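Novice: Fold the following, please.
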Amino acid sequence: MKARLISTVVTVLAVAATAACGGGGTSTSSSSAGSKTLTYWASNQGTSLENDKAVLGPELAKFEKQTGVKVNLQVIGWPDLLNKILAATTSGQGPDVLNIGNTWAASLQASIREHLLVVVQAVDQAVKRHRGHRLADDTAGGK
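Specialist: Numbers count the residues shown, from 1 in each chain. The predicted structure is shown next:
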């Protein structure tokens, strides 16, 4: 179980690091002189929060050494995790990587889908505004 958890974490972080380094600009990752940081919320899987940090810490250190991507690990107990996730979806201030149990997937999917629709609509409006500015620039002799 512990080996499977670690391999899953490393795989998810590798995918997230790839996305963070892709230059998307909308990630919550921070960039300072080329360094990247991912925020990882881990649900409590072990005997305690400290135990999870002790298990994940060395693996995350290896990940950072291999990729150059720092991981800000936050192990969150089950009693607090759902409220933290829901607050993050409402505020748009969630982590780059989130580890949850599969029993929450369906209810969170519905909640997140609703918030993503709002985000997609906002992006669509911004793109339309940007295209309008570009069109105005082009017709005014701009580049």
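
Novice: where's V71, which helix or strand?
Specialist: V71 is part of strand 69-76 when elements are defined by DSSP states H and E.

Novice: Which residues does I76 form beta bridges with?
Specialist: On the basis of DSSP bridges, I76 is bridged to S43.

Novice: That one reaches Y40, doesn't it?
Specialist: No - with contact defined as C-beta atoms under 8 Å, I76 does not count as touching Y40 (10.4 Å). Heads up, the C-betas are built off the backbone N, CA and C, glycines and all.

Novice: In the record's domain split, what are the boundaries for this protein?
Specialist: For the chain, automatic domain parsing gives the domain ranges 2-100, 103-143.

Novice: rank the ones you listed by pLDDT, which is bottom?
Specialist: Least confidently modelled of these is domain 103-143, at a mean of 68 by mean pLDDT.

Novice: that older thread, would you mark the buried spots in the strand holding V71?
Specialist: Residues of strand 69-76 classed as buried by neighbour count (16 or more other C-beta atoms under 10 Å): V69, K70, V71, L73, V75, I76.

Novice: Nearest to L49 among those residues?
Specialist: Taking C-beta to C-beta as the measure, L49 lies nearest V75 of the buried residues of strand 69-76, at 4.7 Å.
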